[in-house]
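# Predicted model and sequence below, questions to follow.
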Amino acid sequence: MVDLEYMITLSSDFGSPYPAAMKAVICQWTDTRLIDVTHELPRQNVRTSAFWLCEVLPYFPPAVHLAVIDPGVGTDRDAIVIRAGEHALVGPDNGVLVPVGRTLGNGEFDVFRIETREGSVSGTDRTAWPPRLASATFHGRDVFAPAAAKVYETNLDELGETEGFEATEQFESLSFPDPEISEREASGTILAVDGFGNAITNIPGDWVADQFGTQVSVDGETAPLRETYARVDPGTRLVTVGSHGNVELAANQGRGDEAFGVSSGEMVRLSLI
Amino acid sequence: MVDLEYMITLSSDFGSPYPAAMKAVICQWTDTRLIDVTHELPRQNVRTSAFWLCEVLPYFPPAVHLAVIDPGVGTDRDAIVIRAGEHALVGPDNGVLVPVGRTLGNGEFDVFRIETREGSVSGTDRTAWPPRLASATFHGRDVFAPAAAKVYETNLDELGETEGFEATEQFESLSFPDPEISEREASGTILAVDGFGNAITNIPGDWVADQFGTQVSVDGETAPLRETYARVDPGTRLVTVGSHGNVELAANQGRGDEAFGVSSGEMVRLSLI
Amino acid sequence: MVDLEYMITLSSDFGSPYPAAMKAVICQWTDTRLIDVTHELPRQNVRTSAFWLCEVLPYFPPAVHLAVIDPGVGTDRDAIVIRAGEHALVGPDNGVLVPVGRTLGNGEFDVFRIETREGSVSGTDRTAWPPRLASATFHGRDVFAPAAAKVYETNLDELGETEGFEATEQFESLSFPDPEISEREASGTILAVDGFGNAITNIPGDWVADQFGTQVSVDGETAPLRETYARVDPGTRLVTVGSHGNVELAANQGRGDEAFGVSSGEMVRLSLI
């Protein structure tokens, strides 16, 4: 296995073209590798964005992950760094970084507040550290991108002694709801609907893993339980276990959310038959 | 001309954020350059996706091209590598890689089946080779991304002797339909409609190349034949030859598919007037 | 601060997958870093695209910026390079590069016409220089991508003596409209609406910077003037100063364009109350 380059990944709900300003600012600091994770996270939806970060970021080798879903931009919410294992997460203190921080650190992580300085910035230079609050509406560019670059060039072990970072025990936490599971019944929540229309629950796939080929009741209606989409006819709905390891309501070459009439955040009750 | 870095390109119909998990897994293996081709291929549409791969991948210098359009994920369809010239293509054995393989290899190419191992994988490490079937629904992350990285680090000439790859003569083929062409008439098929609304046929542009400035009949209705969009007024439809070298039904600053009332897969009949 | 790699950025209104063909052609020339800025610029809208280039490109360190918004592709409009400070801009001569050229060069910039050669090109090699007009409809791939790579490998000071580039004083200019400002009233234009629905005016934020917390009249209707979105209740409209430094019509966690009933290009009249 080769020695891998440490890198910076970028996630946001910005769509286009604002993420490019974050990439540009990071390029003012370093020419390390930048990997776009996604800029299509659900707009200003902290909880579902936190779910998606958990789905994707743990597959990266050690990296600095910039993740900006920030409905409170410009208020007094803090900007933070979470150090978790050999990874660092940079973003707003609204809980969005916490679940993936738990995953990356096997339950353990440290939080550092990013200090900012008041004072106007003229022009486009964003290499000052600690960062200035150049705008009240785009901290992705003005605070988080410089912070990600600064974390990138700092030994993670020395973050607590580095100017601009201050260890803190105070931060917004976030947890996903737990399902209620018995041997034959499970009540869970739709955590997210992906772009294919797969409705992803918080019910662990283990609950159904030895039952593939049977039927399951979803809110009182029967559907086939199968290992993968193509085990039913195109257009037909099914219950399966998705790539995240959770029970998922799907339709082969169709949208599971529509086929089951569910959407993100809703409760769903499954029974083995 | 400089010596060029060999690279990995990524194409899929995944939208967002799943492609990032494939990039993350490749980053577990190598820090070579990753180029996103597109993750907006038409969902689970093997034929049109194959067309787009033909349009774009041949412009790359030698590379490993990961391309996942995989409606049969989790069934017993094979995972394959196509070696074509100095390029390699990695994806499902459903035909999607074959037309571009023909193009890249000037009609010649070799196919290798990717072996996978049953057995559970815990956690996010995807550096085992041959790959384990960690999920039934996301082979892009669990099989194809590790395979692309493995191909990247393997001398293409030695693919047949490398563990996890097995030469095969058995694979799903795919060809685009041929048009019927006479001197004054051509019957063809709409192979794809691009994001601008240009309806791209399989009729070669040579058929009309010396007729620009005249009129052509499309399914009985007359339209101007012009070298480029701006040769007609904004909003006006035209027949032209697209960047792919094929006859295209277009509209200047409008959508050709709507202006001509055609869609992907439909037959179209053109007559020179 | 580290020595930074010079890079190539890409902007277009191409959506997907055509930008990949531009990246592929650049990869035929060089393996320098490629940064996608956006490929979702408003289709064939030169003025609004010029605005977005101004918003993002100045945050990059010195780079070659390829920017293709080209409704006149295939007509006799020129292909140009703008040299501005340590940056270069490559794209069509339709004005789209001019405002950002002014910004990058502090008002000063030089323009060079890109020479092209007639003559057919067979195959996908695009390393010939000057470029051939391989297609009439995709100069992004056939002219601008090779030109960006050629500029990248050329000392910017020697552009005028380099084959394929010719200094010119003739080019399409473009300016944004000026607002009319008095102490208590401002009439401006909506320059763009971003993906969040924020309607960005040409009225400088300085005009309201010391008035946050008060009310402002927008076309006769009152709205709160606040430093950032979250200073009003979710769904409520507000007037603020965006990250671009201009007055913006917004709604907290909603769309400002819909809340105020405005769209790009429209005039808007604000009064301090």
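Arrived safely. Values in this document were obtained by computation on a predicted structure and should not be read as measured data.
# all contacts plus neighbour counts: C-alpha atoms, from now on.
Will do.
# what residue ranges in chain A score low on pLDDT?
A:1-2 (pLDDT under 70).
# tally of neighbours for the residue lying closest to A:Thr214 once chain neighbours are set aside?
Nearest residue to A:Thr214 in three dimensions, chain neighbours excluded: A:Leu225, at 5.6 Å (C-alpha to C-alpha, 6 or more residues apart in numbering or on different chains). If you count neighbours by other C-alpha atoms under 10 Å in any protein chain shown, A:Leu225 ends up with 27.
# How about A:Arg33?
Counted with other C-alpha under 10 Å, A:Arg33 comes out at 16.
# Look up how far chain B lies from it.
9 Å (C-alpha to the nearest C-alpha, to the nearest Å).
# Touching, A:Arg43 and A:Asp13? I think so.
Yes - the pair A:Arg43 and A:Asp13 passes the contact test of C-alpha atoms under 8 Å, sitting 5.3 Å apart.
# Tell me which of these two has more neighbours.
Neighbour tally, A:Arg43 and A:Asp13, criterion other C-alpha under 10 Å: the higher count belongs to A:Asp13, 22 against 19.
# Pull the number of nearby residues for the closest residue in space to A:Leu34 that isn't next to it in sequence.
If the residues on either side of it in the chain are set aside, A:Leu34 comes closest to A:Ile8, at 5.1 Å by C-alpha to C-alpha, 6+ apart. Neighbour count of A:Ile8, defined by other C-alpha under 10 Å: 25.
# Does A:Ile8 belong to a helix, a strand or coil?
Here A:Ile8 is recorded as strand under DSSP: H, G, I helix; E, B strand; the rest coil.
# name the element the residue nearest to the spatial centre of chain A belongs to?
Nearest to the geometric centre of chain A sits A:Leu53, at 1.9 Å (C-alpha atoms, centre = their mean). Following DSSP states H and E, one finds A:Leu53 within helix A:46-56.
# For the residue nearest to A:Thr214, give me its contacts.
Going by C-alpha atoms under 8 Å, 6 or more residues apart in numbering or on different chains, A:Leu225 touches A:Gln211, A:Phe212, A:Gly213, A:Thr214, A:Gln215, A:Val216, A:Leu238, A:Val239, A:Thr240.
# Could you check how far it is from chain C?
For A:Leu225, the distance to chain C (C-alpha to the nearest C-alpha) stands at 36 Å.
# For that residue, what are phi and psi?
phi -100, psi 110 (degrees, to the nearest 10).
# ok, the nearest residue to A:Pro131 once chain neighbours are set aside - contacts?
Using C-alpha to C-alpha, 6+ apart and skipping the chain neighbours, the partner closest in space to A:Pro131 is A:Thr116 (5.2 Å). By C-alpha under 8 Å, 6+ apart, the contact list for A:Thr116 reads A:Pro130, A:Pro131, A:Arg132, A:Leu133, A:Val143, A:Gly164.
# Check the residues you listed against B:Ser120 and report the nearest one.
Using C-alpha to C-alpha, A:Val143 comes nearest to B:Ser120 of the contacts of A:Thr116, at 41.7 Å.
# And for the closest one, the neighbour number?
A:Val143 has 28 neighbouring residues, counting by other C-alpha under 10 Å.
# Could you give the backbone dihedrals for it?
Dihedral angles (degrees, to the nearest 10) for A:Val143: phi -120, psi -50.
# Likewise for the one 3 residues further on?
According to degrees, to the nearest 10, the main-chain angles of A:Pro146 amount to phi -60, psi -40.
# Just the contacts of A:Thr116: which are in helices?
Using DSSP state H, no member of those falls within helices.
# Most neighbours out of these, which is it?
A:Val143 (28 neighbours).
# Return the residues of chain A in contact with chain B.
A:1-2, A:4-5, A:36-38, A:40-41, A:52, A:56-61, A:195-196, A:227-231, A:241-243, A:245, A:253 (C-alpha under 8 Å from any C-alpha of the partner chain).
# now, which of those residues lie within helices?
Filtering the residues of chain A next to chain B for helices - DSSP H - leaves A:Trp52, A:Val56.
# Could you turn the buried ones of the residues of chain A next to chain B into a ChimeraX selection?
The buried residues among the residues of chain A next to chain B can be selected in ChimeraX (16 or more other C-alpha atoms under 10 Å in any protein chain shown) with this line:
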select /A:5,36,37,38,40,41,52,56,57,58,59,60,61,196,227,228,229,230,231,241,242,243,245,253
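# A:Val143: what's it in contact with?
A:Ala79, A:Thr116, A:Pro131, A:Arg132, A:Leu133.
# Next, please give the residue ranges for the helices of chain A.
So, for chain A - with DSSP H - the helices run A:18-29, A:46-56, A:98-104, A:139, A:145-152, A:256-260.
# how about the fifth one: buried residues?
Read it as helix A:145-152. Neighbour count says helix A:145-152 has A:Ala145, A:Pro146, A:Ala147, A:Ala148, A:Ala149, A:Lys150, A:Val151, A:Tyr152 buried, by 16+ other C-alpha under 10 Å.
# ditto for the second one
Neighbour counts using 16+ other C-alpha under 10 Å place A:Val46, A:Arg47, A:Thr48, A:Ser49, A:Ala50, A:Phe51, A:Trp52, A:Leu53, A:Cys54, A:Glu55, A:Val56 of helix A:46-56 among the buried residues.
# which residue sits closest to the fourth one in space, ignoring its chain neighbours?
Spatial nearest neighbour of A:Ser49, chain neighbours left out: A:Leu41 (5.7 Å); criterion: C-alpha to C-alpha, 6+ apart.
# For that neighbour, give its distance to B:Pro58.
Taking C-alpha to C-alpha, to the nearest Å as the measure, A:Leu41 falls 32 Å from B:Pro58.
# now do A:Glu115
Separation of A:Glu115 from B:Pro58 (C-alpha to C-alpha) stands at 49 Å.
# which residue does the stretch 151-273 of chain A bring closest to chain C?
A:Glu153 (10.2 Å; C-alpha to the nearest C-alpha).
# swap in the stretch 1-150 of chain A?
Closest contact between the stretch 1-150 of chain A and chain C, by C-alpha to the nearest C-alpha, is at A:Ala24 (4.3 Å).
# residues near that residue, how many?
23.
# Would you agree it is in contact with C:Pro62?
No - the pair A:Ala24 / C:Pro62 is not scored as a contact, 10.2 Å apart, by C-alpha under 8 Å.
# Cool, thanks, talk later.
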